[in-house]
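Asker: Sequence and predicted structure below; questions after.
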Amino acid sequence: MLQQDEFGTDEQRPWLVEGVRVSGAAWFTSFGLSATGLAIIVNQIFNLHAFGFAPISTAYYYIIVGLFMPVAMLALPMREADAGKVPWYDWVLCTAIFGTCMYFAAHAEDILNRGWDIAAPDHVVVLSVLLVLFALEGVRRCAGLPLFIVCCVFATFPMYTGSLPGFLWGAQMTLSETMLGHALGVESIIGIPVRVIADLLIGFIVFGVALTISGGGVFFMDLASALMGRARGGPAKVAVLSSGFFGSLSGSVISNVISTGSMTIPTMKRCGYSPTYASAVESCASTGGALMPPVMGSVAFVMASFMNVPYSQIMVAALVPAVLFYLILLVQTDCYAAREGLRGLPEDQIPAIWPVLRSGWMFLLSLGALVFMLLVQNIESKAPFYVTLFLVATALLLKYRRKPLVPIINLVMSSGQSIGTLVGVLAGVGMVVGALSMTGVGNAFSRELLQYAGSNVYLLLLLGALTSFVLGMGMTVSACYIFLAVVLAPAMVRGGFNEMASHLFILYWAMLSYITPPVAMAAVAAATIGKAPAMSVGLTAMRLGSVLFILPFIFVLNPELILQGDLINSLLSVATAVLAVVMLAAALERYLYFLSRPARLWEVMVLVAGSFSLLVPGHNTDFLGLMALGLVYGIGFLNRRHGDTEGPKEVAGAEQIAAGDGR
């Protein structure tokens, strides 16, 4: 089982799910490479010096690429005709990748001491060309043709940048210099993206796989059902909570949709939700999981490395926006259920809370331990391994006593394939960063962007949002963020914006492609489960997740919302933001709390205006927002006293809900 993030779904790769391609010799090779790689990672991170083995950092990075990229090549075919087998040329390719990387690992000190990244023997130049080609093929197989084309352009960019105009002009290099810079330099193939995987992210990938194997998805589903199942619209609230719980630990959007959505979407449909609305709720909730601490998505670890800050600071900054997103989802689903007359889950489908907590105590303990180690002890690289060891041990004791090797084998194979996919993508993406760094174009681009926007910070934000969104549709989220962290984030910081807010701004807008047509990968995956039109699901998900389009502008203009400032002002900003998202949710679903009736058009317009006023920092705008809220509810209560009661839509039961209403 390959746990996917922004690199595609298991359904798009049936050869992985069915195990047809990775079988026989390919299976044993993948398992051996994965197990060896994980052992070396543990040895390096914990500084064990097992058997005297302690490679320098650059040698370690080459070893990781050499061990895990072949795993991805064995799992993903060169062409569709090879989906059911591993042909001879894939074996040759895997052997060549392994041999090339191991050669560079063995000569890592020569690369540093003899300056091979600038000038090297002929055979080293040839091997460097091969490694660049291997990285490009890894991108093509793991991420698809669009990102492959982008990486090809940047892989060769230093060779012709001297002939380009304006800010695209840079220091031009020869073919050998370019290939050596990419393959042996510390800012390209083994640059920040691969370093983040090897030093930090792999532990969290292993933890996410262990969480799935040990039954974490089922536990969080049961916990959400016990907490919210009886509430009106309970199935949708269960979907929101379970996806938030599971996604916050797994950090994977698509696997979140597939694992939790396979249970929540059919349940929502049985309780009266239309297929479109049910699928949209799940896709939004799963997308938010990659923005919810403690784990978030893989790109958050890259962000910490780019900013050179502890990952715990990213967690703290991302917490409030993520909670606001889930709050508005819960309020929207509640308003929808009230307006449509939907009830909660049947009593016989709601588990008792205490038995659920007793059965899943190990997951809650793991979550608490992980947060403690990340926030208090600041051991980001080691923390997930400790928690994974605990989860595997409890799984062996409670679920796999008779077959103790089953979870271990599954853990190694799933982790190896997930890591291989990430290495295959980010080794190629590293060449984008390397090309911009080698030529100096990255700094020039950010200066030009800032100069074009002039003193208009709002224009700079709009340009940044548009760029992030467009690139997010054609690239993976990690690739999009890495590119813009080099060229856009410095321009935003020079423009006066908070650095943390600027990087989160880019991340949020890159993530929007998950629920925004025409790409909308999360919406497409959910629509497949819900048997609903993918485009309709994407449009509904856009409405449900509309706060994601707004929040980045708010916290970049008001960093106190991401807890970057005075505590009192931060608390005030959070309080007004909570009130704002509740108002916005009521407006989007056209239902008024307390008055228990649908909202009229003028009330919707006033609530939207008021919510935006509360989100914009400033006492005057806060006053306008509160006035808008008082106006709607003041007139509403006066009308109620005078007998003008426009009651809510009454529906006797879920079976009377009209399906296919586009919601």
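Answerer: Everything's here; your move.

Asker: now the helices: where do they sit in the stretch 51-200 of the chain?
Answerer: 57-75, 88-106, 108-113, 122-143, 145-156, 175-184, 192-196 (DSSP state H, counting those that start in this stretch).

Asker: Could I get the full set of strands for this structure?
Answerer: With strands called from DSSP state E, the chain shows them at 591-592, 597-598.

Asker: Go ahead and measure how far the last one is from the middle of the chain.
Answerer: To tie it back to what came earlier, the one meant is strand 597-598. Distance, stretch centre to chain centre, for strand 597-598: 36 Å (Cα atoms, centre = their mean, to the nearest Å).

Asker: Could you dump the helices of the stretch 51-200 of the chain into a markdown table with mean pLDDT and distance to residue 165 added?
Answerer: In short, each C-beta sits where N, CA and C put it, glycine included. Formatted as a markdown table, those follow (pLDDT from 0 to 100; distance: least, Cβ to Cβ, whole Å):
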| stretch | mean pLDDT | distance to residue 165 |
| --- | --- | --- |
| helix 57-75 | 94 | 35 |
| helix 88-106 | 95 | 36 |
| helix 108-113 | 91 | 35 |
| helix 122-143 | 92 | 26 |
| helix 145-156 | 87 | 16 |
| helix 175-184 | 92 | 20 |
| helix 192-196 | 86 | 29 |
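
Asker: Let's have these in TSV, adding distance to residue 529 and mean neighbour count.
Answerer: Shown next, in TSV, are the helices of the stretch 51-200 of the chain (distance: least, Cβ to Cβ, whole Å; neighbours: other Cβ atoms under 10 Å):
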stretch	distance to residue 529	mean neighbour count
helix 57-75	23	25
helix 88-106	32	17
helix 108-113	47	16
helix 122-143	23	21
helix 145-156	25	18
helix 175-184	41	24
helix 192-196	31	25
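
Asker: which one of the strands of the chain lies closest to residue 91?
Answerer: For the strands of the chain, proximity to residue 91 was assessed by Cβ to Cβ; strand 591-592 is nearest, at 60.6 Å.

Asker: buried stuff in the helix with the most length in the chain?
Answerer: Ranked by residue count, the top helix of the chain under DSSP state H comes out as helix 405-439. Neighbour counts using 16 or more other Cβ atoms under 10 Å place 407-408, 410-439 of helix 405-439 among the buried residues.

Asker: quick one, which of the strands of the chain is packed in tightest?
Answerer: The highest average neighbour count among those, using mean count of other Cβ atoms under 10 Å, belongs to strand 591-592 at a mean of 24.

Asker: Give me the contacts around that one.
Answerer: With Cβ atoms under 8 Å, 6 or more residues apart in numbering as the test, strand 591-592 has contacts from 335-336, 338-339, 586, 597-599, 603, 632-633, 636, 648.

Asker: Within its local environment, how many residues does residue 456 see?
Answerer: Residue 456 has 12 neighbouring residues, counting by other Cβ atoms under 10 Å.

Asker: and the gap between it and residue 464?
Answerer: Distance, residue 456 to residue 464, using Cβ to Cβ, to the nearest Å: 12 Å.

Asker: Residue 440 now?
Answerer: From residue 440 across to residue 464, the span is 21 Å (Cβ to Cβ).

Asker: Next: residue 108.
Answerer: Taking Cβ to Cβ, one finds residue 108 at 38 Å from residue 464.

Asker: Then residue 74?
Answerer: Taken as Cβ to Cβ, the span from residue 74 to residue 464 is 39 Å.

Asker: Low-confidence bits of the stretch 151-300 of the chain, can you list those?
Answerer: For the stretch 151-300 of the chain, applying pLDDT under 70 flags the ranges 251.

Asker: Disregarding residues adjacent in the polypeptide, which is nearest to residue 587?
Answerer: Excluding its sequence neighbours, the residue lying closest to residue 587 (Cβ to Cβ, 6 or more residues apart in numbering) is residue 607, at 3.9 Å.

Asker: Test my guess that the one you found contacts residue 632.
Answerer: Yes: Residue 607 lies in contact with residue 632 (Cβ atoms under 8 Å); the separation is 6.0 Å.

Asker: more crowded one of the two?
Answerer: residue 607 (27 against 24).

Asker: mind listing what that one touches?
Answerer: Here residue 607 is in contact with 583, 584, 586, 587, 599, 628, 629, 632 (Cβ under 8 Å, 6+ apart).
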